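> Give me the fold of what follows.
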Amino acid sequence: MIPMFDVDPWWPKPLPEGRVTGQLATVFVDAHDHVLVTNRRDISDEERETCRQMGSVIIFDPAGNFVDSWGTEGTVPEKIHSCCVDNDDNIWLTGNGDGIVQKYSRDGKLLLQIGESGVFDSSDGTVEGVALNTGRTQLFKPGGITADPDKGDVYVADGYGNRRVVVFDSEGNYLRQWGRQGTPEEINAGEGGVFAQVVHAVAISKAGLVYISDRQGDRVQVFDKLGNFQRNIWIRTGTATLPDERGTAWWVDFSPDPEQKFMYVMNGRNEQIHILDHVSGEILSSFGRPGHQLGCFTHGHSLAVDSKGSIYVAETNEGRRIQKFKIVDNQ
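Next comes the predicted model:
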């Protein structure tokens, strides 16, 4: 039976008095069902008159209670984008305004950094340079990140400047990469291993396959861990031809059952979550719509699923909130 979801209006609980968030780029659920959110801290001048900013990383417990917050725009990657938690409870961060990846302890101590902040994998090392797509110690505006639960390696969607997936070990050493900019013909034909524009997000299934959000290509590309292309999962609810300027395939996660029967895709173009049959890739149903009310999305950017099957969505731009959707017993 296809799962159904209702928004939980009481999650999360109120933030500490006088605190406010900016854009919330990414949500991640760890092994303890704690919910981590990356906060860009870009509050307005009016908000600064009456409020204080939350940290760059915000942690909630399963009930939605505030647990911890740390980091500032001076310490974390610029324009913080994504986070993930590895098997040792360390937190990894990327920023799509920077060229680095960082690894932190649970309480916000910097453990390692890949790359030099403000330097990019480009022809002249600047953000204006031509993307090289080859750096082993430097990235170019990376997006999503995830840690392999088996080996501890970290997979990065290095995709706002470059067009690749790059893999590092748990100590930050370069291992391998795959991907490049596709031609219009390759993009529309769905050729594997080429990307339309932003290589946005990365997830690893329990079967050990790597799912990459080819955002403006309106598809999720599936690879093995060595980068061998397996198949496309199309999200063709956007433009007739590609690339799709806004794109549909923004983020991916899976239902928590052993087979991961369902796959969930955040479609930022249509402001919807699609529920797909994982095996066939068929869209079975969708929920959400553009809007500012509960259950609607304003620039729904990322999603994550907890052990009970609830879905969390983080919103950027004018949305600036985190919402929880509880699975409904539809027996």
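> Surely Glu46 is within a helix?
Yes - applying DSSP: H, G, I helix; E, B strand; the rest coil, one finds Glu46 inside a helix.
> now it: how far from Glu17?
The gap separating Glu46 from Glu17 is 18 Å, by C-beta to C-beta, to the nearest Å. To be clear about C-beta, it is placed using only N, CA and C from the backbone, and glycine gets the same treatment.
> now swap in Asp33 and tell me
With C-beta to C-beta as the criterion, Asp33 and Glu17 are 26 Å apart.
> neighbour-wise, which of the two wins?
The neighbour comparison of Asp33 against Glu17 (other C-beta atoms under 10 Å) goes to Asp33, with 14 against 7.
> host element of the more buried one?
Assigned by DSSP states H and E, Asp33 belongs to neither a helix nor a strand.
> again with Gly172
Applying DSSP H and E, one finds Gly172 in no helix or strand.
> contacting residues around it?
Val101, Lys103, Leu112, Gln113, Ile114 (C-beta atoms under 8 Å, 6 or more residues apart in numbering).
> try it again with 7 Å
By C-beta atoms under 7 Å, 6 or more residues apart in numbering, the residues touching Gly172 are Leu112, Ile114.
> Could I get the pLDDT score of it?
At Gly172, the predicted lDDT confidence score is 98.
> same thing with Lys225?
pLDDT at Lys225 comes out at 98.
> Tell me, how many residues neighbour it?
So Lys225, with other C-beta under 10 Å, has 17 neighbours.
> Ok, Leu226 next?
10.
> which ones are touching it?
With contacts defined as C-beta under 7 Å, 6+ apart, Leu226 has no neighbours.
> just Trp178 next, same as before
Counted by C-beta under 7 Å, 6+ apart, Trp178 has contacts Arg164, Val165, Gly193, Gly227.
> could those residues be laid out in JSON lines, adding secondary structure, distance to Asp8 and neighbour count?
Formatted as JSON lines, the contacts of Trp178 follow (DSSP: H, G, I helix; E, B strand; the rest coil; distance: C-beta to C-beta, whole Å; neighbours: other C-beta atoms under 10 Å):
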{"residue": "Arg164", "secondary structure": "strand", "distance to Asp8": "37", "neighbour count": "26"}
{"residue": "Val165", "secondary structure": "strand", "distance to Asp8": "33", "neighbour count": "24"}
{"residue": "Gly193", "secondary structure": "coil", "distance to Asp8": "39", "neighbour count": "18"}
{"residue": "Gly227", "secondary structure": "coil", "distance to Asp8": "38", "neighbour count": "17"}
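> okay if I get the residues you listed as JSON lines plus distance to Pro77?
What follows is the contacts of Trp178, written out as JSON lines (distance: C-beta to C-beta, whole Å):
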{"residue": "Arg164", "distance to Pro77": "18"}
{"residue": "Val165", "distance to Pro77": "18"}
{"residue": "Gly193", "distance to Pro77": "26"}
{"residue": "Gly227", "distance to Pro77": "24"}
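> For Glu282, give its distance to Arg289.
From Glu282 across to Arg289, the span is 21 Å (C-beta to C-beta).
> Please tell me I have it right and Phe120 contacts Val130.
No - Phe120 lies out of contact with Val130 (C-beta atoms under 7 Å); the separation is 10.3 Å.
> Where does the prediction get shaky in this structure?
Scanning the chain for pLDDT under 70 picks out 330-331.
> Tell me where it has helices.
Counting by DSSP state H, the chain has helices at residues 45-50, 184-189.
> outside of the last one, which residues touch it?
Think helix 184-189. With contact meaning C-beta under 7 Å, 6+ apart, helix 184-189 is reached by Val194, Ala196, Gly217, Thr241, Leu242, Pro243.
> mind redoing it with 10 Å?
If you take C-beta atoms under 10 Å, 6 or more residues apart in numbering as the criterion, helix 184-189 is touched by 180-183, 191-197, 214, 216-219, 241-244.
> Please apply the same query to the first one.
For helix 45-50, the external contacting residues (C-beta under 10 Å, 6+ apart) are Gly18, Val20, Thr21, Gly22, Gln53.
> For the second one, give the beta-bridge partners.
Read that as Val20. Applying DSSP bridges to Val20 gives these bridge partners: Gln53.
> So what's the residue count around it?
Number of residues near Val20 (other C-beta under 10 Å) recorded here: 17.
> Could you do the third one as well?
For Thr21, the tally of surrounding residues (other C-beta under 10 Å) stands at 23.
> what does the first one give?
Using other C-beta under 10 Å, Gly18 has 8 other residues around it.
> what sits against it?
Thr50, Cys51, Arg52.
> do the last one as well
Applying C-beta under 10 Å, 6+ apart, we find Gln53 in contact with 19-22, 39-43, 47, 69, 72-73.
> same thing with Ile100?
Per C-beta under 10 Å, 6+ apart, neighbours of Ile100: 76-78, 93-94, 113-120, 137-139, 142.
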